[in-house]
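Visitor: this one's sequence-less:
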């Protein structure tokens with residue numbers, strides 16, 4: 001059975017949220033609605049709706065005019081087994097000593113690697129995205145340079161693949177946090193699937209606003225694979241939570257955003273040790 005999406009953009013958070021609410025009153029009703037800020041400093045917001053029946057395009061056109069949005073782009077999506085598709089297309093990822101794979105590739109895991117099992121259904125943090133891959137490569141490089149076990153925080157952990165990488169090589173205090181409670185549940189499930197239950201503490205937190213994070217500081221290593229805006233906002237907190245000579249590995253950055261983020265952390269007292277681009281994404285490694 002085909003499904004449908006309807007997407008538009010407009011300026012401003014309040015109008016975007018109001019348009020999202022208005023979409024709920026369409027007939028047929030959408031089964032899902034998303035309102036997201038476009039992360040390019042344009043001030044634009046994207047509003048999208050998902051339908052299991054053909055949407056009322058006349059109604060969508062009226063809503064676009066009423067809220068000063070661009071005309072909706074309506075697309076028909078064929079019925080697809082997305083997990084099967086992802087499994088076919090996402091082959092294992094090698095990042096130095098780390099080998100990220102799905103259970104469908106369990107027979108391909110070499111004997112001389114640190115394996116990290118992330119299922120294909122867990123879309124963000126499988127290791128295929130340039131940001132996650134960059135963080136793993138940066139961590140592997142620090143290990144090769146002799147970085148010794150130290151307390152670790154994985155801020156905005158998603159699937160917790162970065163926290164699990166640390167747990168694979170170190171017996172130390174590791175905390176994985178995320179603002180999204182579902183991500184925390186996913187992180188705990190992934191730890192169990194990898195036989196790492198109890199080696200990483202998973203908590204729901206916004207930035208460093210949690211007593212567990214405060215009590216475990218200072219950290220020798222902080223991962224933060226999020227977005228430019230939150231990374232800049234967190235610069236003083238991350239710098240303050242790092243031990244002297246501790247490292248921060250940051251990503252979630254488009255290449256053109258890396259200078260602004262690096263500048264915020266230099267102003268907070270850190271030094272850029274290295275940076276790497278993978279496609280359109282940059283990963284930064286900084287030291288206190």
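Guide: That came through, no problem. A quick note: this is a predicted structure, and the numbers were derived from the prediction, not measured.
Visitor: what about residue 267, neighbour count?
Guide: 12 (other C-beta atoms under 10 Å). All C-beta atoms are positioned from the backbone trio N, CA, C, and that covers glycine.
Visitor: So what's the residue count around residue 8?
Guide: So residue 8, with other C-beta under 10 Å, has 22 neighbours.
Visitor: swap that for residue 270, sorry
Guide: Quick note: residue 270 (other C-beta under 10 Å) scores 23 neighbours.
Visitor: can you pull the contacts of it?
Guide: The contact partners of residue 270, taken as C-beta atoms under 8 Å, 6 or more residues apart in numbering, are 239, 242, 248, 286-288.
Visitor: if we go to 6 Å?
Guide: 239, 286, 288 (C-beta atoms under 6 Å, 6 or more residues apart in numbering).
Visitor: Identify the residue nearest the first one in space, chain neighbours excluded?
Guide: Closest residue to residue 239 apart from its sequence neighbours, by C-beta to C-beta, 6 or more residues apart in numbering: residue 268 at 3.8 Å.
Visitor: And for the second one?
Guide: Beyond its immediate neighbours in the sequence, the residue positioned closest to residue 286 (C-beta to C-beta, 6+ apart) is residue 270, lying 4.1 Å away.
Visitor: for the last one, same thing?
Guide: Excluding the flanking residues, the one nearest residue 288 by C-beta to C-beta, 6+ apart is residue 242, at 4.3 Å.
Visitor: Torsion angles phi and psi at residue 280?
Guide: With angles defined as degrees, to the nearest 10, residue 280 sits at phi -90, psi 10.
Visitor: Now name the helix or strand holding residue 163.
Guide: helix 161-169 (DSSP states H and E).
Visitor: And the next helix or strand past that helix?
Guide: Next along from helix 161-169, by DSSP H and E: strand 174-178.
Visitor: what's the spacing between the residue nearest to residue 286 and residue 282?
Guide: According to C-beta to C-beta, to the nearest Å, residue 270 stands 16 Å off from residue 282.
Visitor: Equivalent analysis for residue 76, please.
Guide: 36 Å.
Visitor: picking up where we left off before, tell me what angle the helix holding residue 163 forms with strand 174-178.
Guide: 170 degrees (axes from the mean of the first three to the mean of the last three C-alpha atoms, to 10 degrees).
Visitor: Let me know the average pLDDT across helix 161-169.
Guide: The average pLDDT for helix 161-169 rounds to 97.
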